[in-house]
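In: heads up, no residue letters with this:
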């Protein structure tokens, strides 16, 4: 999906021609046109490789058994029984009853090489995935996970995820868990503009907080494997719920899953512990250079006045920030960290102006920073 998403974003967001992309990346133009058609029909989710497996298989293991493997069964039996069979015994019972099928062709786990951060908050992963509501409307879900503990840090539903939404969710996660030392994302347009020679809001926010920005290589989704795997687990859960008709209903399902995933569900990669147990058991990493402890953060919504300015109070004194008459009447969002001020278009998330407030001046001119 990584290459498909890259090509779609390069055309849709950057305006690059299909012919140029086909020539640069050695693919046929017809394939790119097919990707664009699938994207317009079903969003990023439609770019996933389509399975050729039959829709129905009478011999398929029931979902309730697949969801409750030997490790999970042992974990929950331990909360109810004094004597619990070993995992291998449970596995043999499941196999004997025909509830699981051995797969000797799979690679042994010992052959896999995995990376895991040493400490909680040493590295977070974030990514956006697509979901469809009951009425056919598309939604996007922004997920964040801690690389060390697999703690589900945030899951938020949007009609379309904008750059400002990513910053809001990132800030909310920091408010609950503290700032991470680094954040790993793919090269989606809401996460990075480095390939386009610029910076998005998330990159500016991480610079201010001292959080190291990391991005996966193009066409290599395995780098963000933990959050990609989390998408799959979440979607299996959502598929078993009553289809959400609205974003509010979908968000309620996401919140319920976060609680189950973090505090109840044992995780195989964590030796049967829950992510919350793993996260709470060790000291937390922090950014190498952190914002000062007395830094005051706030978010304000406003509208640009007829003169092209917006007011901002600092230390009990009102200041006027010039934005230009071209923005007259536009709804805006102000992200304030002491004297550091960023003004965003509230509808698109576009950065209109960034400045360092001069407390000695009432009017902050457009050319003043």
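Out: Thanks, I have it. All values derive from a computational prediction rather than experimental measurement.
In: Which stretches in the protein count as helices?
Out: Along the chain, counting by DSSP state H, helices occupy 2-12, 18-25, 29-42, 63-67, 70-78, 87-96, 163-177, 201-209, 225-239, 247-263, 275-280.
In: Counting neighbours, which bits of stretch 159-172 end up buried?
Out: 161, 162, 163, 164, 165, 166, 167, 168, 169, 170 (16 or more other Cβ atoms under 10 Å). Where C-beta positions appear, they are placed from N, C-alpha and C, glycine not excepted.
In: For those, give me JSON lines that also has pLDDT and distance to residue 202.
Out: Conversion of those to JSON lines gives the following (pLDDT from 0 to 100; distance: Cβ to Cβ, whole Å):
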{"residue": "161", "pLDDT": "93", "distance to residue 202": "11"}
{"residue": "162", "pLDDT": "91", "distance to residue 202": "11"}
{"residue": "163", "pLDDT": "88", "distance to residue 202": "7"}
{"residue": "164", "pLDDT": "88", "distance to residue 202": "9"}
{"residue": "165", "pLDDT": "92", "distance to residue 202": "10"}
{"residue": "166", "pLDDT": "93", "distance to residue 202": "5"}
{"residue": "167", "pLDDT": "92", "distance to residue 202": "6"}
{"residue": "168", "pLDDT": "91", "distance to residue 202": "10"}
{"residue": "169", "pLDDT": "94", "distance to residue 202": "10"}
{"residue": "170", "pLDDT": "95", "distance to residue 202": "6"}
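In: Dump those into CSV; add distance to residue 40 as well.
Out: Output for these, formatted as CSV (distance: Cβ to Cβ, whole Å):
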residue, distance to residue 40
161, 17
162, 19
163, 21
164, 24
165, 21
166, 23
167, 27
168, 27
169, 26
170, 29
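In: so where is the protein shaky, pLDDT-wise?
Out: Across the chain, the ranges flagged by pLDDT under 70 are 1-2, 49-69, 100-115, 217-223, 289-297, 367-369.
In: Can you give the domain ranges for it?
Out: 2-47, 63-98, 124-280, 297-368 (automatic domain parsing).
In: returning to what we had before: which of the helices of the chain sits closest to residue 156?
Out: Residue 156 lies closest to helix 163-177 among those, at 5.0 Å (Cβ to Cβ).
In: Just send the helices of the chain back as a markdown table, with distance to residue 349 too.
Out: What follows is those, written out as a markdown table (distance: least, Cβ to Cβ, whole Å):
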| stretch | distance to residue 349 |
| --- | --- |
| helix 2-12 | 16 |
| helix 18-25 | 25 |
| helix 29-42 | 20 |
| helix 63-67 | 37 |
| helix 70-78 | 40 |
| helix 87-96 | 48 |
| helix 163-177 | 3 |
| helix 201-209 | 7 |
| helix 225-239 | 21 |
| helix 247-263 | 17 |
| helix 275-280 | 30 |
